[in-house]
Structure formats: structure tokens, C-alpha cells
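Enquirer: Quick one, what's the 3D model for this:
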Amino acid sequence: MVRINPLPDELQYRAFTTYESRELGIPAKRLRAKDLSDGGRLIHLPTGREIELLERARVLAAATPGAWVSHETAALLTGLGLPPWMGGGDAIHLSKPHTLPRVRRAGVTGHRVRVHPGEVMDFEGIPVAVRPRTWLDLAKDLSLPYVIAMGDQLIRRPRPSFESRSEPYAYPSGLRLLIRQHPNLQGVEKARLALDEMRVGADSYPETFLRLAMRDAGLPEPELQLQLDLLDPISPRADLGYRRFRIAVQYDGAHHLTREQQSRDNRRDEAFLRAGWSYFKVNADDLAEGFAGVISRIKKAKLRSP
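Expert: Numbers count the residues shown, from 1 in each chain. A predicted model of the protein is given here:
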């Protein structure tokens, strides 16, 4: 029986490229052993092991000099999120500068684009399009409400106590510059329209969809992150509403199911109700019906308001 020499520790349990094996002095014949399988040109995989998205993106980018992870894959890796009908395929999206040939290999959707300095970042050791550029790249494939909602996530103010950052991913002025730098990119006009509709203060996609549905139903533009007592910095906040009409609306997503979050939610709910506000809680069922029911109730509360 032929003895298989063990791989270096850093390669034993992950996909790797031929370039990496050469740097570590691994003989070519070792790459043909049964504990490794062919992952495509210049790529080797541990036999029988399923490769996760992050690892597939890393090894495919490493095997493709000059390329970076972009479009749908970049949105998934960086937490921007995608509509339910996108991102379900196995293909990794890789972009190259328009001066180089498009990436052509199994498991990859290739793009050739114009890129400016600062539009690609290092993300856990992988070259990945920055979030604003990903937003712009996806604009052509997303509906306008989704382009607005993704843009809202770029410009929202983070909460340092829950996130490892204190600045937004982008500012409207920076997105305007990005749009001006790519006047011929498909979807750029949709991105320009979306930018005019984006607002700081939506913490999730459904909150943006709720705001847009309220606007489309003829309601006034709501205030976001509506603070109950403007003189109290720790006063409870609702996602959106109308101070003039004393109406507050809260979208409860999946994270509101935890016991700790429910306790905070109950204190917030009671504070608005004690203050005499009309208070509406919204969830995924309301989202599924386009918020028609809650909008009808908001309109009735508005008419009753003094």
C-alpha cells in the first residue's frame, strides 16, 4: 500500500490552489492522492468534504489572478442580503477589470467591469467588492424597492453596542460620486432614482418596504426611529410613525423572538400606549400582504387624531 504523506496543517482541511501547494513545496504527484479531489483548474479539494460559500469564494478568487468576488456573492458574504429569488445558485460571482478577459471556469459567473481605486476591499483575506459597489452592481437585477432598501442598509447609522463599527457603510454624497463615476453601468439610472428615495433610519429591509408602502398608499412621509420623548436621550423609539398624529409603528422581525428582546419590546410598547399613542406592531404576515391591513388601520387612526 502506498503511504500518503500528510499535507501541511494549513491545507489539511480546506480547499487550496496549486499556487499555494507550490509555495509549500508539495510535489505535484501528492496532489493526485485519493484524499484530494479535483476542484477545477488549479484547485484541489479535500475528498468528501462539502465546501462552504466563504471557502469556495476564497479559493476561486485565489485561483483567478486579478479577480475579486462581486455581485450576488459579495452581497451574501458582506451581509447586505438578497431577495429570496436571488443568491440560491452555487456559482461564485467574480469580476475582473474590463481590460482583462472575463473569468471562464465551472462554478463561476464572470463579469468584466470598470473599477476605481477603493472599490475592492480585503474581506477575511478575500478580495471582495465594497458594499456600495455591490449595491451599484446589483441595481440592474433588483427591483427599485429592493435597490432602495439595500441602499437604506448602506446609509443607516450602526449601533456600536451591537455591531463592530460606528460609521455607516456609505453616505449619500459618496453614493452620488460612485454613480457619477460609472455613468454607463447597467442599472445606474435605477440606482440614481433609488438614492433620492433612500432615508437614514431603517434597520431592516421590511422597515423600508413598510415606509414605501405607506407612501404609495398616500400617507405622509413617516419619521424614522421615532423617539417618544425628545428630551430624554434613552426614551423608547419606534421604527417609524407620525409625531403630529401620535401614531407609532414597529416592525418585529425574527430577532424579536428572543426573551431579552421581548422584554425590551414590552417596555417600549407600554411606554407608547401609556402616553396615549396609537401603536401598531407589524410582522412578516403583514409584509406578505403588502402591509394593506396595517395601512388601513393607520389611516383610520390618523383620521381620529385631533
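
Enquirer: could I have the helix or strand hosting Thr109 exported to CSV, CA atoms only?
Expert: Secondary structure from DSSP states H and E places Thr109 in strand 108-113. The C-alpha atoms that make up strand 108-113 are tabulated as CSV, following Å, rounded to 0.1, in the frame of the first residue of the first chain:
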residue,chain,number,x,y,z
VAL,A,108,-18.1,30.9,-11.7
THR,A,109,-20.3,33.7,-13.1
GLY,A,110,-17.8,36.1,-14.6
HIS,A,111,-18.0,39.8,-15.1
ARG,A,112,-15.8,42.4,-16.8
VAL,A,113,-16.3,45.9,-15.2
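
Enquirer: show me what contacts Glu52?
Expert: With contacts defined as C-beta atoms under 8 Å, 6 or more residues apart in numbering, Glu52 has no neighbours. The C-beta positions use only the backbone N, C-alpha and C, and glycine is treated the same way.

Enquirer: Can you give the strand pairings for the strand holding Thr109, parallel or anti for each?
Expert: Listed by DSSP bridges, the sheet partners of strand 108-113 and their directions read strand 92-97 (parallel).

Enquirer: thinking again about what came up before, buried set for the strand holding Thr109?
Expert: Residues of strand 108-113 classed as buried by neighbour count (16 or more other C-beta atoms under 10 Å): 108-111, 113.

Enquirer: quick one: which two of those residues are the most distant?
Expert: Considering C-beta to C-beta, no two members of the buried residues of strand 108-113 lie farther apart than Val108 and Val113, which are separated by 14.7 Å.

Enquirer: still on that earlier bit, what comes into contact with the strand holding Thr109?
Expert: Looking at what lies outside strand 108-113 - C-beta under 8 Å, 6+ apart - the contacts are 60, 64, 70-71, 91-98, 100-104, 137, 185.

Enquirer: helices or strands next to the helix or strand just after that strand in the packing?
Expert: Downstream of strand 108-113, the next assigned helix or strand under DSSP H and E is strand 120-123. On a contact count with 3 or more C-beta pairs under 8 Å, 6 or more residues apart in numbering; DSSP states H and E, strand 120-123 meets strand 126-129.

Enquirer: C-alpha coordinates for the strand it packs on, CSV please?
Expert: The C-alpha coordinates for strand 126-129 follow below in CSV (Å, rounded to 0.1, in the frame of the first residue of the first chain):
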residue,chain,number,x,y,z
ILE,A,126,-10.5,37.6,0.1
PRO,A,127,-10.7,40.4,-2.4
VAL,A,128,-14.4,41.5,-2.4
ALA,A,129,-16.2,44.4,-3.9
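
Enquirer: residue ranges for the strands of the protein, please.
Expert: Applying DSSP state E to the chain gives strands spanning 16-17, 36-38, 43-46, 68-69, 92-97, 108-113, 120-123, 126-129, 223-227, 237-242, 247-251, 278-282.

Enquirer: so which of those is the most packed in?
Expert: Stretch with highest mean neighbour count among these: strand 68-69 (a mean of 28; mean count of other C-beta atoms under 10 Å).

Enquirer: tell me what it is packed against?
Expert: With contacts defined as 3+ C-beta pairs under 8 Å, 6+ apart, the secondary structure elements packing on strand 68-69 are helix 53-62, strand 92-97, strand 126-129.

Enquirer: Out of the ones you listed, which is closest to Ala284?
Expert: If we rank the helices and strands packed on strand 68-69 by C-beta to C-beta, the stretch that ends up nearest is helix 53-62, at 24.6 Å.
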